[in-house]
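Student: Give me a model of this one.
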Amino acid sequence: MFPGGGQPNMQQLLQQAQKMQQDLQRAQEELANTEVDGQAGGGLVKATVTGSGELRALRIDPKAVDPEDTETLADLIVAAVHAANENAQALQQQKLGPLAQGLGGGSGIPGLPF
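Tutor: Now for the predicted structure:
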């Protein structure tokens, strides 16, 4: 596994770990600044979240607003936010998944959803 069959070079291991930590931090910052959308009701309600899952915007088409049926509007809002969060999780997996695998699997890294 190690070149020459000897012990790993600790300095090299520390440098690799530091680089992976920097790559992970950079990817997390990129996620926090990337926006993804989700929609419901054929686009009547659209939600925008960051790649880290923070709700940034909610757009509601006036056609979705029925004062006699606020329950349906609420359902559409929940569905749009849910769709946006699913898209954010897919983006997280895309950006952070390879880094987590390089650190020995994602399940042992606090704060990562995979």
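Student: For this protein, which segments count as strands?
Tutor: Under the criterion DSSP state E, strands of the chain are mapped to 35-40, 45-50, 55-60.
Student: And those strands: which comes nearest residue 22?
Tutor: Proximity of these to residue 22 was assessed by CB to CB; the nearest stretch is strand 45-50, lying at 20.7 Å. Where C-beta positions appear, they are placed from N, C-alpha and C, glycine not excepted.
Student: And that closest one, what does it pack against?
Tutor: helix 10-33, strand 35-40, strand 55-60, helix 70-102 (3 or more CB pairs under 8 Å, 6 or more residues apart in numbering; DSSP states H and E).
Student: Which elements pack onto the second one?
Tutor: In terms of contact count using 3+ CB pairs under 8 Å, 6+ apart, strand 35-40 is assigned the packing partners strand 45-50, helix 70-102.
Student: Okay, angle between the last one and strand 35-40 too, please.
Tutor: On the basis of axes from the mean of the first three to the mean of the last three CA atoms, to 10 degrees, helix 70-102 is oriented at 140 degrees to strand 35-40.
Student: Which strands or helices does helix 70-102 pack on?
Tutor: In this structure, helix 70-102 makes packing contacts with helix 10-33, strand 35-40, strand 45-50, strand 55-60, judged by 3+ CB pairs under 8 Å, 6+ apart.
Student: again, only this time at 6 Å
Tutor: Where contact means 3 or more CB pairs under 6 Å, 6 or more residues apart in numbering; DSSP states H and E, helix 70-102 is packed against helix 10-33, strand 35-40, strand 45-50.
Student: Output the ones you listed as TSV; include the columns mean pLDDT and distance to residue 92.
Tutor: Formatted as TSV, those follow (pLDDT from 0 to 100; distance: least, CB to CB, whole Å):
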stretch	mean pLDDT	distance to residue 92
helix 10-33	86	6
strand 35-40	94	10
strand 45-50	95	10
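Student: Pick the most deeply packed of the ones you listed.
Tutor: With neighbours defined as mean count of other CB atoms under 10 Å, the helices and strands packed on helix 70-102 peak in mean count at strand 45-50, which reaches a mean of 22.
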